[in-house]
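Trainee: no FASTA, just this:
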């Protein structure tokens, strides 16, 4: 009996010691985490912080997927042209960057120790069947929505600017010189300079992907604009939309002016001022394919139809989700150009009404 009681006492002492050790370890981890957070907080306080911050939700309201949130962002960019700090929650800082000087250190960084990214195998020289299937999925499916969004907004922009639309149409007609649009060749796509300018300017105004995010594992120095190191563990949200609408980079950013991308004007702005496909080692692998796809779609469409906006409907309300969409689609009026193509198109004056979805579909 005495032995049993002694063993019981020892067991209780051991259990108590174990619990105390766990508690001490937990307190130590909490102390380390709080110390790190305080150090990060002091460093982050050097970044400009917008004033409209809720004590509990931080700036969460400013990141909603609504038209009003985008308009609020335009005002924010005019006030903080290089970037600012948002608090998603009291303990979740998000550094929003929208200027080449602050984007460059992140976008130009190689994999290395700075950024967290999926383990693409560096010692492997061949792709497995699963790797090949994943790459094919990236091209065929993940690129579908983004290209469809880009095309939908491009047609909407051309419909609102008939002078640019007509110039694109004439460019296509002169290039083909009597050939059927079905005979358009890969080499033809490089000979559509004004159409390419219109595509790029539409991607500037309405980038299909509005932002990309990365998380740093080490301090990243920012040399210009915000000359402050980004502390490790902070989410960096690199805003494509805000960069494209930054008045410091693009005077009158809301104006649809394709000549911004003329060869002479392109020399005046930084390469990182226009990043619809991101930039650097992690840029979109399918950007050349997407641009070619959009050129073909424009050539085929404008050679058959004249595009007009449906003025009976209110202006579209943008919805910046994972892909930039319109809440109720983009409604356009399509007027066939006649039977000059020899395919029996409807006569001039017949109007079709189409709704251009972000998913790239349309219906009469």
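Mentor: Okay, I see it. Only a predicted model underlies this, so the values are computations on that prediction, with no experimental measurement involved. Numbering: from 1, shown residues only.
Trainee: report the buried residues of stretch 132-151.
Mentor: 143, 145, 146, 147, 148, 149, 150, 151 (16 or more other C-beta atoms under 10 Å). C-betas here are computed from N, CA, C, even on glycine.
Trainee: let me see the ranges of the helices in the stretch 101-250 of the chain.
Mentor: Applying DSSP state H, counting those that start in this stretch to the stretch 101-250 of the chain gives helices spanning 129-137, 143-159, 162-176, 193-205, 240-244.
Trainee: helix or strand right after the longest helix belonging to the chain?
Mentor: Ranked by residue count, the top helix of the chain under DSSP state H comes out as helix 2-44. Using DSSP states H and E, the next helix or strand after helix 2-44 towards the C-terminus is helix 67-79.
Trainee: can you list the buried residues in that following helix?
Mentor: Buried residues in helix 67-79, counted by 16+ other C-beta under 10 Å: 67, 70, 72, 73, 76, 77.
Trainee: what's the neighbour count on residue 85?
Mentor: Using other C-beta atoms under 10 Å, residue 85 has 21 neighbouring residues.
Trainee: which residues does the closest residue to it other than its chain neighbours contact?
Mentor: Among residues not flanking residue 85 along the chain, residue 47 sits closest, at 4.1 Å (C-beta to C-beta, 6 or more residues apart in numbering). By C-beta atoms under 8 Å, 6 or more residues apart in numbering, the contact list for residue 47 reads 83, 84, 85, 95, 226, 228.
Trainee: list just the nearest of the residues you listed to residue 239.
Mentor: Nearest to residue 239 among these, counting by C-beta to C-beta, is residue 83 at 8.5 Å.
Trainee: report the contact partners of that closest one.
Mentor: Counting by C-beta under 8 Å, 6+ apart, residue 83 touches 47, 48, 95, 96, 97, 98, 99, 102, 225, 226.
Trainee: go again with 7 Å.
Mentor: Shown in contact with residue 83 (C-beta atoms under 7 Å, 6 or more residues apart in numbering): 95, 96, 97, 98, 99, 102, 226.
Trainee: again with residue 160
Mentor: By C-beta under 7 Å, 6+ apart, residue 160 lies in contact with residue 309.
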